[in-house]
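sequence plus the predicted model coming up.
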Amino acid sequence: MRSLYLAKPGEILIKEDSAARKPEHDEVKIKLLYGGICGSDIGVFKGKIAHASYPVTPGHELLGTIIEKGSSVDAAVGTRVVVQPNSYCDECGQCQKGKTNLCLNKKSLGVNTDGGFAEEFTISSKYILPVPESLSDERAVLIEPFAVVVHAFKQVNITKGTSVAVIGCGTEGQLAIALASHLGAEITAIDINEDKLNSVFAYGNIQTSTPDAVTEKMKFDVVIEAAGVSQAVEQAVDVVKPGGSIVLIGLTAEATLPILKIVRNEISIHGSIIYHFPVDFAESVQYLSLPEFVIEPVIADIVPFNEYERAYEAAVSGQYAKIILNFKEDSQK
Ligand SMILES: [Zn+2]
Ligand SMILES: [Zn+2]
């Protein structure tokens, strides 16, 4: 079987391997259908994630089918599943509180342990969630990245008529726009890239602006920062209303913030990282199962696995939202 192999930053290739390990006890062997390339995969590829380890097989947004299972697994062979790619111990104080995203012993597939961009891989069934048959592969592969947004929205209150700015219109930004639109919010999308701004109209009646064109009059109840750069965090504080809230989902290292303004205006700033499992995954599935929930435009391209170089090039360019690797056999011709 073949897998992607990142020997060190910038050096990626397909490796011919023996079959994935035989699943034991609670493990399953999964044959991959789709794998989404994520911002963190790009970070690992570029050598920009401090806790990444090499060599590593990248990939954590994984949809596949169980082809073999250990003795204690309930799910049947043939079940289509999505993977929760961040391990948690169930024992530390954070896990005990249900905060599996903050587990003190967390490891992340494709970052500091081998990921799933491979024709098959073996993983504990603790980290899989069966996908309803009604959900297409294209929607199902978005369960994991969309769960990030489902979790972030729990930090704030977004309902009909809430004014929401989403700064950064990559994958997570677009997924946030899709959910805010579904909830009836009045949305303004902000991005430096005009093409990305043009793509958000697919999600409903959305206002758009480049960061430079934002005026004094544009103020919002909630600001979602999904760009991951310091200017975006700083602009979030500029455009939030007194008493408003900011959710940071971009991974910005540092920013300079006007604390006096934040205190005087009772601005709440929330960090939000991945999701609680399985609750946020289950809610992600619920939204994605609604036929009227618009999400497909976030997928910019689906590229055969053996054309991984083209897929990574597109993802690294930052010009597109989600790029998906296709592992299905009929795509490899
Ligand atoms: Zn991801
Ligand atoms: Zn833990």
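Nice, thanks for sending it over. Ligands and ions are numbered 1, 2, ... in the order given.

my guess is L179 contacts S284, does it?
No - in terms of CB atoms under 8 Å, L179 does not count as a neighbour of S284; the distance is 9.6 Å. The C-beta positions use only the backbone N, C-alpha and C, and glycine is treated the same way.

need the residues touching each of the two.
Contact with both L179 and S284 is made by residues 146, 150, according to CB atoms under 8 Å, 6 or more residues apart in numbering.

tell me the contacts of D90?
Contacts for D90 (CB under 8 Å, 6+ apart) come out as none.

for it, give me phi and psi.
Dihedral angles of D90 (phi, psi; degrees, to the nearest 10) stand at phi 70, psi 0.

how near is it to ligand 2?
With distances taken as CB to the ion, to the nearest Å, D90 is found 6 Å from ligand 2.

which residue ranges form the strands in the stretch 51-200 of the chain?
Ranges of strands in the stretch 51-200 of the chain, per DSSP state E, counting those that start in this stretch, are 61-69, 80-83, 120-124, 128-130, 163-167, 186-190.

now the longest one against strand 120-124, angle please.
With axes from the mean of the first three to the mean of the last three CA atoms, to 10 degrees as the criterion, the two stretches strand 61-69 and strand 120-124 enclose an angle of 80 degrees.

and the contacts of strand 61-69?
With contact meaning CB under 8 Å, 6+ apart, strand 61-69 is reached by 22-23, 27-38, 73, 75-83, 85, 109, 115-116, 120-121, 125, 128, 131, 137, 140-141, 143-145, 327.

give me the buried subset of the residues you listed.
Applying 16 or more other CB atoms under 10 Å to the contacts of strand 61-69, the neighbour count classes 23, 27-38, 73, 79-83, 85, 109, 115-116, 120-121, 125, 128, 131, 137, 140-141, 143-145, 327 as buried.

which of the residues you listed are close to ligand 2?
Among those, no residue sits close to ligand 2 (CB under 5 Å from the ion).

and the helix or strand I323 falls within, what other elements does it pack with?
Secondary structure assignment for I323, by DSSP states H and E: strand 322-326. Under the contact criterion of 3 or more CB pairs under 8 Å, 6 or more residues apart in numbering; DSSP states H and E, strand 322-326 touches strand 27-37, strand 299-304, helix 308-317.

interface residues of the stretch 201-333 of the chain facing ligand 2?
For the stretch 201-333 of the chain, no residue is in contact with ligand 2 (CB under 5 Å from the ion).

so where's the stretch 151-300 of the chain uncertain?
Applying pLDDT under 70 to the stretch 151-300 of the chain flags no residue at all.

residue contacts, the closest residue to ligand 2 within it?
Using CB to the ion, F277 is the residue of the stretch 151-300 of the chain that sits closest to ligand 2, at 11.5 Å. If you count contacts by CB under 8 Å, 6+ apart, F277 has them with 84, 86, 88, 100-101, 127.

and for V164?
Counting by CB under 8 Å, 6+ apart, V164 touches 158, 180, 185-188, 220-224.

quick test: name the residue nearest the centre of the protein.
Nearest residue to the geometric centre of the chain (CA atoms, centre = their mean): P145, 2.5 Å.

picking that back up, tell me the most buried of the strands of the stretch 51-200 of the chain?
strand 163-167 (a mean of 27; mean count of other CB atoms under 10 Å).

wait, I274 touches H151, no?
Yes - in this structure, I274 is within contact of H151 by CB under 8 Å, at 6.8 Å.

got any residues that touch both of these two?
Counting by CB under 8 Å, 6+ apart, the shared contacts of I274 and H151 are N101.

before we move on, the earlier item: in TSV, list the strands of the stretch 51-200 of the chain along with distance to A202.
TSV is the format used below for the strands of the stretch 51-200 of the chain (distance: least, CB to CB, whole Å):
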stretch	distance to A202
strand 61-69	21
strand 80-83	23
strand 120-124	33
strand 128-130	27
strand 163-167	14
strand 186-190	11
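
closest one to Q235 among these?
Closest to Q235 of these, according to CB to CB: strand 163-167, at 6.1 Å.

sheet-wise, list the partners of the closest one with their directions.
Strand pairing for strand 163-167, using DSSP bridges, gives strand 186-190 (parallel), strand 220-225 (parallel).

the longest one: what's the following helix or strand?
It stands for strand 220-225. helix 230-239.

helices or strands next to that following helix in the packing?
In terms of contacts (3+ CB pairs under 8 Å, 6+ apart), helix 230-239 is packed against strand 163-167, strand 220-225, strand 240-248.

make it 6 Å
On a contact count with 3 or more CB pairs under 6 Å, 6 or more residues apart in numbering; DSSP states H and E, helix 230-239 meets strand 163-167, strand 220-225.

how many neighbours does V316 have?
For V316, the count of nearby residues is 15 (other CB atoms under 10 Å).

tell me the pLDDT at the closest residue to G47 other than its chain neighbours?
Excluding its sequence neighbours, the residue lying closest to G47 (CB to CB, 6 or more residues apart in numbering) is P9, at 2.9 Å. We have a pLDDT of 95 for P9.

check Q332 too.
As predicted, Q332 sits at a pLDDT of 67.

beta partners of the residue nearest to G271 when sequence neighbours are not counted?
Spatial nearest neighbour of G271, excluding adjacent residues (CB to CB, 6+ apart): L248 at 5.3 Å. Assessed by DSSP bridges, L248 has beta-bridge partners E225, G271.
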